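*Asks:* here is the input, now give the coordinates:
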Amino acid sequence: MDNLKIDDLHVEVEGKEILSGINLEVKKGEVVALMGPNGSGKSTLSFALMGHPKYRITKGRIILNGEDITLASPDERARKGLFLSFQYPAEISGITFANFLRSAMNARNPDKKIQVFDFLKLLKEKMKQLSMPEKFAERYLNEGFSGGEKKRAEILQLLLLQPKIAILDETDSGLDIDSLKIVADGVNSVKKDMGVIVITHYQRLLNYIVPDVIHIIHKGKIIKTGGKELALELEENGYKKFTGEEEKNVAVV
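*Replies:* Below is the predicted model:
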């Protein structure tokens, strides 16, 4: 069975330890939500899982489908089935959205490259599913896109690439309610075929992408695990009930 196992993961950023022993598992068809105060290490975990060089793993292992990928390069991880939907997708001028998507699909499956006609047919189908006008395919990647359009573009990549494990880093940020529903419907249409990690601050996203389990992260550790009802408890009481601290506005790490 496709799964991701994180075993006692410790991660440093510029010499400072941010994650201090994360243990969790995500199985195919399962939605795992990660919640926590700003600066708790949620985004650090997502970048460490994808192999960003700034995020140095000092201890622990990342196991994907039984294979240790702790030392694998980002492109190797992507080819093996890891996917990250960025909180702040980059804008790239000079590369059309369609060309980027086809290149990504061919890089994901280099031994089975998709032909142009088949790609365009599939692209139109998935764009229609996300209520995206076909003209978007001709625009430069994320250039001039609104926040909601960028998030739909990330989910479109998810639908086309069909990873084993998808990590959605605050996909709900900047989305109005209509866009949120469309994005959630897109994720729900494929979640049975993959494991999904949802990183979010807010319970509202979890109304539409219902988690099987929720982990609360604080100071680089998982301090509480529960079912979907845990999000409602957080919405009502905040994090201080679990952290024992007053919530502060700090930069997201």
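
*Asks:* pLDDT averaged over stretch 174-193, what's the number?
*Replies:* On average, the pLDDT along stretch 174-193 is 91.

*Asks:* number of nearby residues for the residue lying closest to Ala78 once chain neighbours are set aside?
*Replies:* Nearest non-adjacent residue to Ala78, counting by C-beta to C-beta, 6 or more residues apart in numbering: Arg108, 6.6 Å away. Where C-beta positions appear, they are placed from N, C-alpha and C, glycine not excepted. Around Arg108 there are 19 other residues, counting by other C-beta atoms under 10 Å.

*Asks:* hmm, Arg108 is touching Gln157, no?
*Replies:* No. Assessed by C-beta atoms under 8 Å, Arg108 is found out of contact with Gln157, at 10.1 Å.

*Asks:* all strands of the stretch 151-253 of the chain, in order?
*Replies:* Along the stretch 151-253 of the chain, counting by DSSP state E, counting those that start in this stretch, strands occupy 165-169, 195-199, 213-218, 221-226.

*Asks:* need those strands in a markdown table (columns: mean neighbour count and distance to Asp178).
*Replies:* As requested, the strands of the stretch 151-253 of the chain are exported to a markdown table (neighbours: other C-beta atoms under 10 Å; distance: least, C-beta to C-beta, whole Å):
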| stretch | mean neighbour count | distance to Asp178 |
| --- | --- | --- |
| strand 165-169 | 26 | 18 |
| strand 195-199 | 26 | 19 |
| strand 213-218 | 22 | 25 |
| strand 221-226 | 16 | 30 |
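
*Asks:* so which of these comes closest to Lys80?
*Replies:* When the strands of the stretch 151-253 of the chain are compared by C-beta to C-beta, strand 165-169 sits nearest Lys80, at 9.4 Å.

*Asks:* what lines up beside that closest one in the sheet?
*Replies:* Strand 165-169 sits in its sheet next to strand 82-85 (parallel), strand 195-199 (parallel), going by DSSP bridges.

*Asks:* residue contacts, the nearest residue to Ile57 once chain neighbours are set aside?
*Replies:* Of all residues not flanking Ile57 in the chain, Val11 sits nearest, at 5.6 Å (C-beta to C-beta, 6+ apart). Contact analysis of Val11 by C-beta atoms under 8 Å, 6 or more residues apart in numbering lists 17-19, 41, 44-45, 48, 55-58, 220.

*Asks:* buried among those? Make that a ChimeraX selection.
*Replies:* The ChimeraX command for the buried members of these (criterion: 16 or more other C-beta atoms under 10 Å) is given here:
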select :17,18,19,41,44,45,48,55,57,220
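
*Asks:* looking at the contacts of Val11, which are in helices?
*Replies:* Taking DSSP state H as the definition of helices, the contacts of Val11 contribute 44-45, 48.

*Asks:* can you add pLDDT and distance to Met194 and give those back as JSON lines?
*Replies:* What follows is the ones in helices among the contacts of Val11, written out as JSON lines (pLDDT from 0 to 100; distance: C-beta to C-beta, whole Å):
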{"residue": "Thr44", "pLDDT": "95", "distance to Met194": "22"}
{"residue": "Leu45", "pLDDT": "96", "distance to Met194": "18"}
{"residue": "Ala48", "pLDDT": "97", "distance to Met194": "20"}
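
*Asks:* relative to Leu230, which of these is nearest.
*Replies:* Leu45 (18.1 Å).

*Asks:* the closest residue to Pro163 other than its chain neighbours - how many residues pack around it?
*Replies:* With C-beta to C-beta, 6+ apart as the measure, Phe83 is the residue that lies nearest to Pro163, at 3.6 Å, once sequence neighbours are left out. Each residue near Phe83 was counted by other C-beta under 10 Å, and the total is 23.

*Asks:* where in the chain is pLDDT low?
*Replies:* 1, 245-253 (pLDDT under 70).

*Asks:* sounds good, over and out.
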